[in-house]
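Q: Next come a sequence and a model predicted from it.
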Amino acid sequence: MTADDSTAAGGRELWSLREDVSLEGDPFRDPVRLRGRWGDITIARSSQLVRETLYRMALGPISLENATSAAAMPARGTYRDPAEVRAQVTELHSVLERLQPLIVRSLAQKSGQPLLSVVPLTMRSRFHPVPLAAGAPFRLSVYACLRADGHEYSIESPLSLHRVVLHRTAAMRLIAPLASPITPAAFTAALSPAEPAAARVRGGEGHKSGRVCRLEVLHRASLAERRRNAVPGTGRSHRRFCQPGNAAS
């Protein structure tokens with residue numbers, strides 16, 4: 001990520017490819033091939049914006065706003081046709097939607113460094129944040145497990161298709177209020193003085209719709225998966241939860 005990216009990305013979402021995804025091909029020519037743990041995906045024809053964005057995402061987290069803004073101003077400082085730019089931006093979002101199982105979504109601090117990230121765990125992983133209802137309480141799933149790998153903490157659930165990675169100490173402060181149900185307003189009030197990015201974690205007034213507490217993905221996913229896996233007539237699941245050594249799926 002460039003210095004410009006870091007400056008502009010404060011409090012924004014960042015996008016990157018999973019660490020085990022590699023790109024093959026030329027950023028200036030088609031096709032583009034992505035190799036990952038679940039196989040290869042080839043994009044036979046793509047715009048310059050798509051190719052450049054994917055190659056930047058392979059290097060680390062970037063701001064899509066920066067990427068699309070740069071597309072509107074090519075070399076020599078002349079602007080492109082707005083219709084052409086809109087078409088390329090639309091294509092980019094379509095490609096990224098298709099590649100969701102390979103894409104890590106992060107929330108940045110003011111410095112531009114990732115605060116926390118949502119990492120897809122299967123080819124079925126899809127991440128579509130929605131705004132939280134103002135008065136609706138939320139909490140961490142009872143099946144969520146906090147783990148450490150010697151460098152970072154992560155939150156996993158055997159019922160979730162994503163892992164939440166906490167990159168900074170400040171991200172750990174997001175967990176404490178979530179042991180019991182709490183409203184979005186109370187959550188933000190408790191954390192925003194210590195970490196300004198906390199307000200953007202859950203979205204709300206003054207922020208773009210679609211931002212939602214990344215930690216809550218585990219709770220929502222758990223509810224949905226529990227319903228799908230329930231043994232008929234019992235309400236119990238076929239699967240075991242949070243057993244030591246169990247990997248999230």
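A: Cool, got the structure.

Q: Can you tell me what sits against stretch 41-53?
A: In this structure, residues lying in contact with stretch 41-53 by Cβ atoms under 8 Å, 6 or more residues apart in numbering are 27-28, 30-34, 62, 64, 67-68, 71, 87-89, 91-92, 95, 98-99, 102. C-beta here means a position set from N, CA and C on the backbone, and glycine is covered the same way.

Q: His162 contacts Ser117, doesn't it?
A: No: His162 is not in contact with Ser117 according to Cβ atoms under 8 Å; the separation is 9.6 Å.

Q: Extract the C-alpha trace of stretch 166-175 and format it as PDB.
A: This file holds the C-alpha atoms of stretch 166-175, laid out as PDB (Å, rounded to 0.1, in the frame of the first residue of the first chain):
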ATOM      1  CA  LEU A 166      -7.500  -8.700  15.400                       C
ATOM      2  CA  HIS A 167      -4.300  -7.100  14.300                       C
ATOM      3  CA  ARG A 168      -3.800  -4.400  16.900                       C
ATOM      4  CA  THR A 169      -4.200  -4.100  20.700                       C
ATOM      5  CA  ALA A 170      -6.900  -1.500  20.000                       C
ATOM      6  CA  ALA A 171      -9.000  -4.200  18.300                       C
ATOM      7  CA  MET A 172      -9.000  -6.300  21.500                       C
ATOM      8  CA  ARG A 173     -10.900  -3.500  23.200                       C
ATOM      9  CA  LEU A 174     -13.800  -4.200  20.800                       C
ATOM     10  CA  ILE A 175     -14.400  -7.600  22.400                       C
END
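
Q: just the helices in the chain please.
A: Secondary structure of the chain (DSSP state H): helices located at 3-8, 48-59, 64-71, 82-98, 169-172, 184-191, 198-202, 216-229.

Q: Pick out the shakiest of those, pLDDT-wise.
A: For the helices of the chain, mean pLDDT drops lowest on helix 3-8, to a mean of 36.

Q: According to the record, where do the domains of the chain fall?
A: 3-105, 113-229 (automatic domain parsing).

Q: Format those domains as a markdown table; extra columns: mean neighbour count.
A: Converted to a markdown table, the domains of the chain look like this (neighbours: other Cβ atoms under 10 Å):
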| stretch | mean neighbour count |
| --- | --- |
| domain 3-105 | 16 |
| domain 113-229 | 17 |
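
Q: Name the spans of the protein whose pLDDT lies under the cut-off.
A: For the chain, the stretches flagged by pLDDT under 70 are 1-11, 74-79, 192-249.

Q: how about 90 then?
A: Of all residues in the chain, those with pLDDT under 90 make up the ranges 1-12, 24-29, 48, 65-86, 108-115, 128-136, 138-141, 149-151, 168-179, 184-249.

Q: Where do the strands of it begin and end?
A: With DSSP state E, the ranges of strands along the chain come out as 13-17, 22-24, 32-36, 39-43, 103-108, 114-120, 145-148, 153-156, 162-166.
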